[in-house]
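Asker: Next comes the sequence, and after it the predicted model I'd like to discuss.
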Amino acid sequence: MNRLLSPFGAAAIYTAATLLLTWPLVTAIASSLPSDLGDPVLNTWILAWGADHLWRFFGGDLGAFAGYWHANIFHPSPLALAYSEHLFAQAAQIWPVYALTRNPVLCYNLVFLSTFVLSGLGMFLLVRELTGSRAAALAAGLMFAFSPYRVVQSSHLQILSAQWMPFVLFGLRRYFTTGRRLPLAGAGLAWVAQNLSCGYYLIFFSPAVGAYVLFEVFRERRWNDWRLMSHLGLLMAGVALATWPFVQPYLALRASEFPARGLAELYAFSADVRGYLAADPRLWIWGGVLDGYRRTGEGLVFQGIVPMVLALLAPVLLMTKRLRRDSPAALTGWRRLGAVASGAFAAVNAAAAVATVTLGGIVQRAGMLSIRMTRPGAALARAAVGVAVLAWLAPSFRSRLAAASRSETTFFLLMAGAAAVLSLGPSISSGGQMTVPDAPYAWLYETVPGFDGLRVPARFAMIVAFALSVLAGIALAEVEARWRRGTGAVAICAALFVAEAGAAPMDLDQPLRPRVAGVRPAPARLYTNDAIPPVYRRLATFPPSVLVEFPMGAMPWDVRYMFYSTFHRHRLVNGFSGGVPVRHAADLAALSRMAIDPELAWSRLMKTGASHAIVHLAAYEGREGLAVVDWLRQRGAREIGRFDADLLFALPAAESASVPAVHSVQ
């Protein structure tokens, strides 16, 4: 049993569970992508871009990263990679596989599956370190690895890539308990890996790491330990130095043309209070039950009933444990009356704060008496006053409260609560109705650098999932320790969670609707290696060129062009990302008016430096594709290849020069 619950055994269990809960992905691991053919294709291209640069660098090309940020899309706009996540940490995971196979789909799927296994393993190590219970740690790992929130985010590899979070806190915890520098170094490496896996977590999770460090320092009263402080200072400086080169390009892009996200966009991509009880329809159990409130996919932040119940149970078990250890002295007289009154006052105001967030507040009239509670901050402040008075009146409660403040349960409970509130965005809504106009996220947006560049506050929900998993592990460890059949109870909870988190069979290669009128849906299949379309195999023999493909501006097609550029390696005028360069938007606007103002469209195309064009006739409805062909021919484009319904043209600017004035992706 101990071998089964070793880290290797736990990793094996998480691997088996991953293959089961993502079935049938493993059966098409080299040819199909999970979820849809939108963002997963974009991220597949990003992984291939990074892995190719790493392979060339380790192959001896010391200048391989000179043009890393100037990716081969949106030509000739600079810093094209910085319009989305760079996924450098994920590319580092798979570059040897990419070098051997040149199959970006296989590489994407390996990274995708690894996020589940590593998330589970990291949580297993952290909870085992915190509680000493291997069974509880195994269950907590399942809850983090397969949080129902991951089903909603199955098309966003960067959001699934939260696997380094538990490793960071595990290394820090080991350092604080042993004083050894190796776990601290491991925490630093994991922190860097997390920062380079997802820009959201760089900004969302790093403050949580800092808070955990402060918690451990003050809990152990080691603020005067200069050796410890110097080690922690070196850790943070090292992480900042390693992360900074990957932040600079985004700052440069912000300074040049990428504006701050508007508040309207943030409102649209914030979670809703009821979103925490709105399950994705693909979930086995809750998908057809907890569907009372639907918003956007980003607004579905359901965490699972089992983790939420266990997380609420954790502080109850903590306080009852303290009660058994330190029975309170009986209070008499005015102290007893004051303790009851202050406790009731605190409870009422805490309930009022919750009611304000979920319902919009409490407004009641009873005769001449009026009760109005509509500000959650004020209600929480009054609740804190009530708790303070209770602690002053009841010494036993004060001692238990002081002990609880030094407990990991309290820290992770606060982490979960803070992350949940921040996931609700700059204003809090419940069921689509605004209940709190100015939420804490609004202050972060206005004050803290970086927050005004993110559009999805709801992604704080992954921090919620992390904290809930730890709390669930702590609660299960306490259950196991208190009851003779506690291990069985832990196993039952783990099984119930897997049942409620299951969503197999996983969708593969789901097509997207076209965004441009007159354009057909893109094929629900990507081809790799020798099976790629013939036109791209022909382009792979060309010298460095700049390619434009039609139709242009339809996301399902543009991401396919990007995917196939990993084989032919030419630069593209086309592109799709989290943002769009101003120049590219102007090009799209002009080319969309090709029939109305063909000369303006041609002028904009020539300014891109395009040397070749492909017209995918099968992508068009009606004769619009033939109209594009006529437009190109009338302006001197020469057809140099016909591959089924794909026509390849050399543009006049290319024929007038012996070597195109562009840089190769290689």
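Answerer: Great, that's in hand. Numbering: from 1, shown residues only.
Asker: Look up how far Phe218 lies from Asn224.
Answerer: 12 Å (CB to CB, to the nearest Å). Just so you know, the C-beta spots here come from the backbone N, C-alpha and C atoms, and that holds for glycine as well.
Asker: Also Asp452?
Answerer: Taking CB to CB, one finds Asp452 at 31 Å from Phe218.
Asker: who's more crowded, those two?
Answerer: Asp452 (18 against 12; other CB atoms under 10 Å).
Asker: Now the more buried one. Nearest residue, chain neighbours left out?
Answerer: Once flanking residues are discounted, Asp452 sits nearest to Ala260: 4.0 Å by CB to CB, 6 or more residues apart in numbering.
Asker: shouldn't the one you found be in contact with Gly453?
Answerer: Yes - counting by CB atoms under 8 Å, Ala260 touches Gly453, with 6.5 Å between them.
Asker: who touches both of these two?
Answerer: Here Ala260 and Gly453 share the contacting residues Arg254, scored by CB atoms under 8 Å, 6 or more residues apart in numbering.
Asker: quick one: which of those two has more around it?
Answerer: With neighbours defined as other CB under 10 Å, Ala260 and Gly453 compare such that Gly453 has more, 18 against 12.
Asker: which regions of this protein sit below the pLDDT cut-off?
Answerer: Applying pLDDT under 70 to the chain flags residues 1-4, 292-296, 322-332, 360-374, 514-515, 654-666.
Asker: Strands of that one, start to end?
Answerer: Assigned by DSSP state E, the strands in the chain fall at 362-366, 369-373, 428-430, 433-436, 546-550, 571-572, 612-616, 638-643, 646-650.
Asker: Could you chop this protein up by domain?
Answerer: Listed by automatic domain parsing, the domain ranges of the chain are 7-32+103-259+267-312+408-501, 331-393, 529-655.
Asker: Let me have these in TSV, adding distance to Asp61 as columns.
Answerer: Below are the domains of the chain laid out as TSV (distance: least, CB to CB, whole Å):
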stretch	distance to Asp61
domain 7-32+103-259+267-312+408-501	18
domain 331-393	55
domain 529-655	14
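Asker: Just tell me which of these ends up closest to Ala91.
Answerer: With CB to CB as the criterion, Ala91 lies closest to domain 7-32+103-259+267-312+408-501 of the domains of the chain, at 8.5 Å.
Asker: pretty sure Ala499 is touching Trp284, no?
Answerer: Yes - Ala499 is in contact with Trp284 according to CB under 8 Å; the separation is 6.5 Å.
Asker: Minimum distance to Tyr561: which of the strands of the chain has it?
Answerer: Across those, closest to Tyr561 is strand 546-550 (CB to CB), at 4.7 Å.
Asker: Parallel or antiparallel, which strands does that closest one pair with?
Answerer: Next to strand 546-550 in the sheet, as set by DSSP bridges, lie strand 571-572 (parallel), strand 612-616 (parallel).
Asker: And the shortest one, how far out from the chain middle?
Answerer: Taking CA atoms, centre = their mean, to the nearest Å, one finds strand 571-572 lying 28 Å from the centre of the chain it belongs to.
Asker: Please enumerate residues in contact with that strand?
Answerer: With CB under 8 Å, 6+ apart, strand 571-572 has contacts from 72-75, 544-549, 561-562, 565, 662-663, 665.
Asker: Can you pull up the most central residue in the protein?
Answerer: Nearest to the geometric centre of the chain sits Ile159, at 1.8 Å (CA atoms, centre = their mean).
Asker: From Arg400, how far off is that one?
Answerer: 38 Å.
Asker: what's the answer for Ser155, then?
Answerer: On the measure of CB to CB, Ser155 and Arg400 end up 46 Å apart.
Asker: picking that back up, right, so the strands paired with strand 546-550: which one is the most enclosed?
Answerer: Among those, strand 571-572 has the highest mean neighbour count (mean count of other CB atoms under 10 Å), at a mean of 26.
Asker: Out of the domains of the chain, flag the one nearest Gly60.
Answerer: domain 529-655 (18.8 Å).
Asker: how distant is the closest one from the center of its chain?
Answerer: The answer for domain 529-655 is 32 Å, by CA atoms, centre = their mean.
Asker: all helices for the stretch 1-150 of the chain, in order.
Answerer: Per DSSP state H, counting those that start in this stretch, the stretch 1-150 of the chain carries helices over the ranges 7-21, 39-58, 88-101, 104-131, 134-145, 148-152.
Asker: Now do the buried residues in the first one.
Answerer: Neighbour-count burial for helix 7-21 flags Gly9, Ala10, Ala11, Ile13, Tyr14, Thr15, Ala17, Thr18, Leu19, Leu21 (criterion: 16 or more other CB atoms under 10 Å).
Asker: May I see those organised as TSV, with distance to Leu424 added?
Answerer: Below are the buried residues of helix 7-21 laid out as TSV (distance: CB to CB, whole Å):
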residue	distance to Leu424
Gly9	39
Ala10	34
Ala11	35
Ile13	34
Tyr14	31
Thr15	35
Ala17	31
Thr18	30
Leu19	35
Leu21	28
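Asker: Quick one: closest of the domains of the chain to Ser84.
Answerer: Taking these one by one with CB to CB, domain 529-655 is closest: 4.2 Å.
Asker: how about the helices in the stretch 401-550 of the chain?
Answerer: Going by DSSP H, counting those that start in this stretch, the stretch 401-550 of the chain shows helices at 408-423, 440-447, 461-482, 486-501, 534-539.
Asker: how close does Gly609 sit to Ser545?
Answerer: 10 Å.
Asker: just checking, Gly297 touches Val152?
Answerer: Yes - with contact defined as CB under 8 Å, Gly297 counts as touching Val152 (5.6 Å).
Asker: show me the contacts for Asp280.
Answerer: The contact partners of Asp280, by CB under 8 Å, 6+ apart, come to Pro148, Val151, Val152, Gly287, Leu300, Phe302, Ala503.
Asker: rerun that using 6 Å as the cut-off
Answerer: With contact set as CB atoms under 6 Å, 6 or more residues apart in numbering, Asp280 has these partners: Val151, Val152, Leu300.
Asker: neighbours of the closest residue to Ala99 other than its chain neighbours, just the number please.
Answerer: Counting by CB to CB, 6+ apart, Trp55 is the residue found nearest to Ala99 once chain neighbours are left out, at 4.4 Å. Using other CB under 10 Å, Trp55 has 18 neighbouring residues.
Asker: Hmm, Ile94 and Trp55 touching each other?
Answerer: No - look at Trp55 against Ile94 with CB atoms under 6 Å: they stay out of range, at 10.5 Å.
Asker: Quickly compare the helices of the stretch 1-150 of the chain and say which is most buried.
Answerer: Ranked by mean neighbours (mean count of other CB under 10 Å), the helices of the stretch 1-150 of the chain are led by helix 134-145, with a mean of 29.
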